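Asks: Sequence and predicted structure below; questions after.
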Amino acid sequence: MLQITLAECIQATTDGVFNTNKLNLSSPLSTDDFSLIAEYLRTVPLKSIYCTLEITEENSAGLVCLAKAISEKNNLEKLHFEVSELFFDRYLPNVPILNIYDNYRMNKLNNSIINAVVMMTEDKPKVEHLNINIEQVNSLASNSQTKELARNLRNAPLISCEIAMGMEKGSQFPVIYTRKNEPNTTLSSVKLLSSIYGTDLLNHLKSATALKILVLDKLQLETKDLTTLNRIFTSNPNLDYFALTKTNLGQLDSDLFFQSLKGCANLKILDLSDSNLNLLNVSALCAYLSSPECTLTELDLSHNTFMGNDLHKIAEALTSNQSIEKLIVDENYIEDKGLTSLINLCKENKNIKTLSISKVCRDKPSDETIGQLATLISSPECQLKQIDFYQSISANQLQMLTKAITSNRTLSSVHLNYTMPNNVQGVLCQTEIEGHLNNPQPTTTASSAHSLDNNDEDDVLTVSSSSLDTPLTPLSEHDAVHEEVASSTPAFA
């Protein structure tokens with residue numbers, strides 16, 4: 001049964017770009033819908049296709065039909081395909097003895113989606129921007145499937161490529177496929193997400209020479225992979241954004257990795273979030289951060305296992321760093337000692353404009369620590385433009401921070417949170433902070449005009465400012481890198 005019409009397909013096409021988001025779908029397409037879209041695509045000249053679809057076991061046959069039609073569009077310059085939701089109904093209870101048949105059905109469905117993706121990329125001699133996102137598929141692409149994908153794209157003049165797809169160990173990197181180790185001089189942005197295994201993927205990256213953006217997510221690294229990364233850094237001197245996230249980097253001897261970063265003379269943004277970094281890695285990290293070769297403007301160390309002593313060392317290393325502007329250390333175990341070290345860092349290093357220190361204390365920070373943070377914020381010399389501090393605090397601590405924020409002239413964005421929305425004190429502070437950020441003039445805080453009952457002093461409160469959506473004033477050239485990162489994924493009308 002058809003859910004869409006030919007007229008809607010026409011309306012979803014603008015200036016040679018077909019975009020399924022313009023179909024305003026409320027439920028998964030039927031097989032007949034897929035057939036209609038496939039026939040429509042065959043009849044219109046297109047330079048870009050943007051498909052974000054919900055897949056079910058029932059419409060998977062239609063996806064194959066659509067993939068065949070896309071494979072025939074050999075003039076495409078941009079291709080984006082994403083499985084936004086994957087729906088699967090089990091026939092039997094999910095228990096070891098009974099789920100054999102359902103697992104077979106699930107694997108068959110996953111495999112058909114991967115095969116459809118491979119088919120879509122056939123005969124694409126002009127495609128410059130490729131974005132494939134099938135993270136919803138929990139099966140790994142086989143080596144034969146990724147090698148076929150590589151063959152399909154071997155002659156494509158790719159500039160940007162983002163692939164979110166799990167791959168088996170030993171899989172060929174499905175983009176850079178050069179003959180006789182010839183260098184790839186066109187690819188400037190690569191994002192590999194949910195890739196699972198890294199060794200063979202990284203080996204194929206060595207032929208790239210023009211990378212500016214490299215994102216590697218969920219790689220299971222081996223020690224020898226760090227040597228390969230060193231070669232990638234060496235052959236891509238213009239790399240300015242590097243992310244290695246959700247990996248086991250912290251479990252390896254990372255000295256070579258951080259030493260290799262010193263060779264990245266143009267690296268501005270480094271994201272090492274959720275990479276198991278800990279006290280065993282902090283010395284090598286600090287040696288890099290304090291070196292003259294470090295050119296970072298933004299560093300993300302969130303979701304690691306650094307402790308207070310570790311952050312103290314990192315803060316010391318960054319004290320003399322003349323380039324760092326944004327520091328993110330959310331969800332580490334730094335407690336009061338780490339917070340105090342970061343507060344002192346911001347007093348010493350006036351280049352830091354953005355500080356994110358959320359969920360870093362298992363309990364509430366001490367009044368002394370909050371007092372130091374309030375003093376930093378209220379100081380006429382405070383240079384901070386954005387503070388992220390999602391943390392449980394008492395009502396008195398909230399009052400201290402509110403008074404400091406409303407006397408600050410530089411902040412344009414404050415990200416706090418509150419867990420007791422019915423608490424009058426929290427609402428008053430929230431309103432006052434929002435009003436100040438919209439009209440940054442020092443004011444007498446309403447919080448100081450309201451006394452607190454003894455029972456309120458231990459209330460867990462935070463503030464959520466509407467300035468969450470307030471954009472930061474550009475901090476310097478690292479914002480241009482952000483724009484490039486955002487633009488590396490093709491924009492579709």
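Replies: Perfect, thanks for sending it. Residues are numbered from 1 along each chain as shown.

Asks: Quick one: mean pLDDT for the longest helix belonging to the chain?
Replies: When the chain is parsed with DSSP state H, its longest helix is helix 100-120. The average pLDDT within helix 100-120 is 93.

Asks: so what does that helix touch, helix or strand wise?
Replies: Other helices and strands packing on helix 100-120, by 3 or more CB pairs under 8 Å, 6 or more residues apart in numbering; DSSP states H and E, are helix 60-71, strand 78-87, helix 143-153. The way it works is simple: take the backbone N, C-alpha and C, and place the C-beta from them, glycine included.

Asks: And the second one, what's buried?
Replies: Buried residues in strand 78-87, defined by neighbour count with 16 or more other CB atoms under 10 Å: 78-84, 86.

Asks: try stretch 268-281
Replies: 268-278, 281.

Asks: what does that stretch contact?
Replies: When contacts are defined by CB atoms under 8 Å, 6 or more residues apart in numbering, stretch 268-281 is touched by residues 215, 240-251, 254, 258, 261, 285, 295-307, 309-310, 328, 477-478, 481-482, 485.

Asks: what's stretch 209-217 in contact with?
Replies: 160, 162, 183-195, 198, 202, 205, 232, 235-236, 238-247, 271, 484-485, 488.

Asks: Now which of the residues you listed would you call buried?
Replies: 160, 162, 184, 187-195, 198, 202, 205, 232, 235-236, 239-247, 271, 484-485, 488.

Asks: Among these, which ones are in strands?
Replies: Counting by DSSP state E, the buried ones among the contacts of stretch 209-217 place 160, 162, 189-193, 241-245, 271 in strands.

Asks: just how off-centre is stretch 364-379 within its chain?
Replies: Put simply, stretch 364-379 sits 30 Å off its chain's centre (CA atoms, centre = their mean, to the nearest Å).

Asks: for the chain, what are the low-confidence residue spans?
Replies: For the chain, applying pLDDT under 70 flags the ranges 172-181, 197-199, 417-422, 440-493.

Asks: In this structure N131 contacts E82, no?
Replies: Yes - assessed by CB atoms under 8 Å, N131 is found in contact with E82 at 7.4 Å.

Asks: can you pull the contacts of D310?
Replies: 278-279, 282, 332, 334, 338.

Asks: mind putting those in TSV, secondary structure and distance to L41 included?
Replies: Below are the contacts of D310 laid out as TSV (DSSP: H, G, I helix; E, B strand; the rest coil; distance: CB to CB, whole Å):
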residue	secondary structure	distance to L41
N278	coil	50
L279	coil	55
V282	helix	53
N332	coil	48
I334	coil	53
G338	helix	55
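
Asks: Which one of these is nearest to I314?
Replies: Set against I314, the nearest of the contacts of D310 by CB to CB is V282 (6.7 Å).

Asks: What about the closest one, how many residues nearby?
Replies: Using other CB atoms under 10 Å, V282 is surrounded by 22 other residues.

Asks: Once you drop chain neighbours, what's closest to it?
Replies: D310 (4.6 Å; CB to CB, 6 or more residues apart in numbering).

Asks: re earlier: relative orientation of the longest helix of the chain and helix 143-153 in degrees?
Replies: If you take axes from the mean of the first three to the mean of the last three CA atoms, to 10 degrees, helix 100-120 sits at 20 degrees to helix 143-153.

Asks: Can you name the residues in contact with helix 100-120?
Replies: In contact with helix 100-120 (CB under 8 Å, 6+ apart) are residues 55, 57, 60, 63-64, 66-68, 70-71, 79, 81, 83, 86, 88, 90-92, 94, 132, 134, 137-139, 141, 145, 148-149, 152, 165.

Asks: one more time with 7 Å
Replies: Helix 100-120 has contacts (CB atoms under 7 Å, 6 or more residues apart in numbering) with 55, 57, 60, 63-64, 67-68, 70-71, 79, 81, 83, 88, 90-92, 132, 134, 137-139, 141, 145, 148-149, 152.

Asks: Alright, I will stop here.
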